[in-house]
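> got a predicted structure plus its sequence, pasted below:
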Amino acid sequence: MGLETRWDNWNVLAVLLLPLAGLFRLLATLRRLCYRYGPCRVHRFPVPVIVVGNITVGGTGKTPLVIWLARHLREQGWKPGIVSRGYRGKASNWPQQVRPDSDPVMVGDEAVLLAAGSGCPVCVGPDRPAAVQQLLAFEGCDIVISDDGLQHYALGRDIEIVVVDGTRRLGNGLPLPAGPLREPASRLNNVDLVVVQGSARDGEFDMQLVDSRVQPLRGGDARPLADWAGREVHAVAGIGHPQRFFDALTAAGLQITAHAFPDHHGFKPDELAFADDRPLLMTAKDAVKCRRFARDHHYVVTVQARPAQGFIDALDHKLKEFPRG
């Protein structure tokens with residue numbers, strides 16, 4: 001049983017780890033206070049900064065929401081740019097500008113996915129303020145989205161959006177390493193908007209992943225996932241919560257053989273060479289790393305975020321507080 005599975009409830013391991021969890025919570029609180037009251041510096045910019053993040057470890061659906069948010073801002077007349085960590089990127093110099101054809105090994109898989117999906121300038125690096133500065137200097141952005149940046153307090157922010165997994169919620173409610181929490185659950189009371197992938201509760205907004213389509217990795221026409229009902233396929237996922245992907249395929253009527261890999265896994269061709277030639281379906285985040293050695297029977301399943309209208313209205317109302325340019 002993996003550690004993340006154990007985080008779903010109280011158990012013996014969680015109890016044994018409570019002292020470390022208490023220490024983690026104390027350090028996280030002191031760190032936040034350090035940025036709020038000093039001496040740690042918070043970098044502010046002359047454009048609005050929207051942070052999209054979570055308070056738990058693992059995937060919650062942030063990336064589809066960031067892509068939706070970037071597109072929505074462009075439709076509203078803004079010129080958005082995106083900054084991210086570039087997690088596991090091996091570039092020697094940061095920050096890095098990211099394009100849809102950038103090497104995910106160098107800048108990180110999620111960064112390439114964001115660039116391809118949003119059509120907006122993307123800049124990544126451990127130093128978020130430096131990445132924002134580069135966007136403003138070279139791309140002329142008038143609003144910035146920080147992906148997975150809730151705990152990066154060095155970057156000042158104007159709007160905070162937290163995404164919650166509607167199935168796993170906050171797990172056992174304990175801090176790391178006894179549970180999945182990066183910050184106390186009370187942190188949700190201090191953010192602007194809480195989005196739940198699934199069923200929302202009072203004070204939250206739901207978000208659905210819709211328009212699931214299947215497209216050959218080597219290029220070609222995309223077809224609705226529903227057209228694949230009844231087919232036997234291999235399903236590959238190296239994301240924070242792979243079971244969500246497998247469940248979505250099963251719910252669509254596919255008969256899957258599931259292959260789960262660690263989050264941000266760096267795939268090698270032989271790992272996708274199964275004994276038969278059944279179609280292989282993978283997530284969009286995995287596809288950016290596998291496209292260069294894809295075979296004819298390899299496909300990517302794409303989805304789009306659809307947040308509730310109440311969320312859109314609340315977001316647009318907050319955006320009216322900020323002047324353009």
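It's in. Residues are numbered from 1 along each chain as shown.

> count of neighbours near residue 138?
Residues contacting residue 138 under the criterion other CB atoms under 10 Å number 12. (Glycine included, C-beta is placed from N, CA and C.)

> which other residues reach the helix ranked longest in the chain?
Taking DSSP state H as the assignment, the helix of the chain that covers the most residues is helix 18-37. Contacts with helix 18-37, where a contact means CB atoms under 8 Å, 6 or more residues apart in numbering, come from 40, 42, 151, 153-154, 174-179, 181-184.

> recalculate using a threshold of 7 Å.
Residues outside helix 18-37 that contact it (CB atoms under 7 Å, 6 or more residues apart in numbering) are 40, 42, 153-154, 174-179, 182-184.

> just the buried ones among those, please.
Using 16 or more other CB atoms under 10 Å as the burial test, those include 153, 174, 175, 176, 177, 178, 179, 182, 183, 184 as buried.

> got JSON lines for the residues you listed, with pLDDT and secondary structure too?
Below are the buried ones among the contacts of helix 18-37 laid out as JSON lines (pLDDT from 0 to 100; DSSP: H, G, I helix; E, B strand; the rest coil):
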{"residue": "153", "pLDDT": "96", "secondary structure": "coil"}
{"residue": "174", "pLDDT": "95", "secondary structure": "coil"}
{"residue": "175", "pLDDT": "96", "secondary structure": "strand"}
{"residue": "176", "pLDDT": "95", "secondary structure": "coil"}
{"residue": "177", "pLDDT": "95", "secondary structure": "coil"}
{"residue": "178", "pLDDT": "95", "secondary structure": "coil"}
{"residue": "179", "pLDDT": "95", "secondary structure": "coil"}
{"residue": "182", "pLDDT": "95", "secondary structure": "coil"}
{"residue": "183", "pLDDT": "95", "secondary structure": "coil"}
{"residue": "184", "pLDDT": "93", "secondary structure": "coil"}
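
> out of those, which is nearest to residue 210?
In terms of CB to CB, no member of the buried ones among the contacts of helix 18-37 lies closer to residue 210 than residue 182, at 28.2 Å.

> just give the nearest non-adjacent residue to that closest one, would you?
Nearest residue to residue 182, sequence neighbours excluded (CB to CB, 6 or more residues apart in numbering): residue 55, at 5.3 Å.

> also residue 209?
residue 303 (4.2 Å).

> helix/strand/coil for that neighbour?
For residue 303, the assignment made with DSSP: H, G, I helix; E, B strand; the rest coil gives strand.

> I'd say it and residue 64 touch.
Yes - using CB atoms under 7 Å, residue 303 is in contact with residue 64, at 6.2 Å.

> which neighbours do the two share?
Joint contacts of residue 303 and residue 64 (CB under 7 Å, 6+ apart) are residue 209.

> these two: which is more packed in?
Legend: neighbour count by other CB under 10 Å for residue 303 and residue 64, higher for residue 64 (23 against 19).

> pretty sure that one is touching residue 209, no?
Yes - using CB under 7 Å, residue 64 makes contact with residue 209 at a distance of 6.1 Å.

> quickly list what's touching both of the two.
In contact with both residue 64 and residue 209: 303, 305, using CB under 7 Å, 6+ apart.

> in JSON lines: the contacts of helix 18-37, plus distance to residue 86.
Putting the contacts of helix 18-37 into JSON lines (distance: CB to CB, whole Å) gives the following:
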{"residue": "40", "distance to residue 86": "22"}
{"residue": "42", "distance to residue 86": "21"}
{"residue": "153", "distance to residue 86": "18"}
{"residue": "154", "distance to residue 86": "16"}
{"residue": "174", "distance to residue 86": "29"}
{"residue": "175", "distance to residue 86": "26"}
{"residue": "176", "distance to residue 86": "22"}
{"residue": "177", "distance to residue 86": "25"}
{"residue": "178", "distance to residue 86": "29"}
{"residue": "179", "distance to residue 86": "27"}
{"residue": "182", "distance to residue 86": "19"}
{"residue": "183", "distance to residue 86": "22"}
{"residue": "184", "distance to residue 86": "27"}
